[in-house]
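Colleague: what's the 3D shape of this:
(chains A and B)
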Amino acid sequence: MSTVQWLLMLHVTGAFFLVSGSVAAGVLNVLAARAERPSETALLLSLIRIAVIAIGIGAAGTLIFGIWLWHEQGYGIGTFWIWASLVLWVIANALGGIGGKHQERTRKLAEQLAAAGDTKSDELRALLRDPRGNALSWLAGAATLAILVLMIWKPS
Amino acid sequence: MIAYSRPFWPLFLHVLGAMVLVGAVLVAVIVSWVGWRRPAVPALARTAFWSLVAVGIPAYVVFRVAAQIIYNDEKDAFGGSDPTWIGIGYGVSEPGLLVLLATIGFAYWWKKSGKPVAPRIVAGLSSLYLVLLGIAWLAMSGKWG
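Modeller: Down below sits the predicted model:
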């Protein structure tokens, strides 16, 4: 295998970790919101931390091997789709980080309720349905999807 | 505008479908390994089942149909002898469907029965499938052979 083939394989592997981890976090978040008891909500939200590890490895891998490929394949310094992808990468990470804090706050409240009778409160329902907190995570996912579009489309 | 040798949509849907499928299987792996020690928690069994049925199966269909469209367009370029990476892709996707369906069946049994052996079988099958999908993505992205 050539250097470019190795780098492409590692870059795509990073993208698999990033997108698959984001999908896993999204599925766990949706099913945590639908759980009947706070103990179940807390358990499913706590498992998102495993998906976040995959997202972190993927985010680092796509960036490192992507920049290396940029140099190795000889794309110009002003290549639009690469710069657009880098901007979206920063946006996705920032939004995902803020959305993650919202989920962490929700998980802590769910754990408190689980220890005190395991019944949902209005505050927990409000946090689980909070459009702003959820929108941040979905927008992070949308930015990640847009990076995938740019990587395959490669508009000049 | 499109500086790429392949049509956009089939390749995009193939890659996206594969990544979403891996995400759905990853959820099943995570919850079933946790369920190994806590088999009676209904939320874990429900999560494994619905992740595979509502996310994994549609993603499989999208990635597999798009793969076939790409292959039909490009198979002549291989001169009747498919490269190794295509063989690995087919070798994982077709038997892999049986593994996926078996995993869904055992996840359903776990959801209905709560028996301790069910999450262990789901953990084994889903982990095996995740490893197979990993080999396929490495082979296809690295163009092995």
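
Colleague: what sits against B:Ser127?
Modeller: The contact partners of B:Ser127, taken as Cβ atoms under 8 Å, 6 or more residues apart in numbering or on different chains, are B:Val29, B:Trp33. In this view, the C-beta of every residue, glycine as well, is placed from N, C-alpha and C.

Colleague: Kindly recompute the last result at 7 Å.
Modeller: Residues near B:Ser127 by Cβ atoms under 7 Å, 6 or more residues apart in numbering or on different chains: B:Val29.

Colleague: just A:Trp81 next, same as before
Modeller: A:Leu150, A:Lys154, A:Pro155.

Colleague: Narrow these to those that are buried.
Modeller: The neighbour-count test (16 or more other Cβ atoms under 10 Å in any protein chain shown) applied to the contacts of A:Trp81 identifies A:Leu150, A:Lys154 as buried.

Colleague: Just the ones of the contacts of A:Trp81 in helices?
Modeller: Among the contacts of A:Trp81, the ones falling in helices (DSSP state H) are A:Leu150.

Colleague: right, and B:Tyr46 touches B:Lys111 too?
Modeller: For residue B:46 the amino acid is Arg, not Tyr. Yes - applying Cβ atoms under 7 Å as the test, B:Arg46 and B:Lys111 come out as touching, 5.8 Å apart.

Colleague: which bits of chain B sit near chain A?
Modeller: Contacts of chain B with chain A, taken as Cβ under 7 Å from any Cβ of the partner chain, map to B:1-4, B:8, B:11-12, B:15-16, B:19-20, B:22-24, B:26-27, B:30-31, B:34, B:41, B:43, B:46-47, B:50-51, B:55, B:137-138, B:141-143.

Colleague: wait, B:Gly114 sits on B:Arg38?
Modeller: No - counting by Cβ under 7 Å, B:Gly114 sits too far from B:Arg38 to count as a contact (10.2 Å).

Colleague: CA atoms only for stretch A:95-104, dumped as CSV, please.
Modeller: These are the backbone C-alpha positions of stretch A:95-104, laid out as CSV (Å, rounded to 0.1, in the frame of the first residue of the first chain):
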residue,chain,number,x,y,z
LEU,A,95,-21.8,22.5,19.5
GLY,A,96,-21.3,18.8,20.5
GLY,A,97,-19.4,19.9,23.6
ILE,A,98,-22.1,22.4,24.7
GLY,A,99,-24.9,19.8,23.9
GLY,A,100,-23.0,17.3,26.0
LYS,A,101,-23.0,19.6,29.0
HIS,A,102,-26.9,19.7,28.8
GLN,A,103,-27.0,15.9,28.7
GLU,A,104,-24.7,15.7,31.7
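
Colleague: Please give the element, helix or strand, for A:Ala142.
Modeller: Using DSSP states H and E, A:Ala142 maps to helix A:131-153.

Colleague: what sits against the residue in chain A positioned nearest to chain B?
Modeller: Closest to chain B within chain A is A:Val23: 2.6 Å, counting by Cβ to the nearest Cβ. Neighbour list for A:Val23: B:Val20, B:Gly23, B:Ala24 [criterion: Cβ under 7 Å, 6+ apart].
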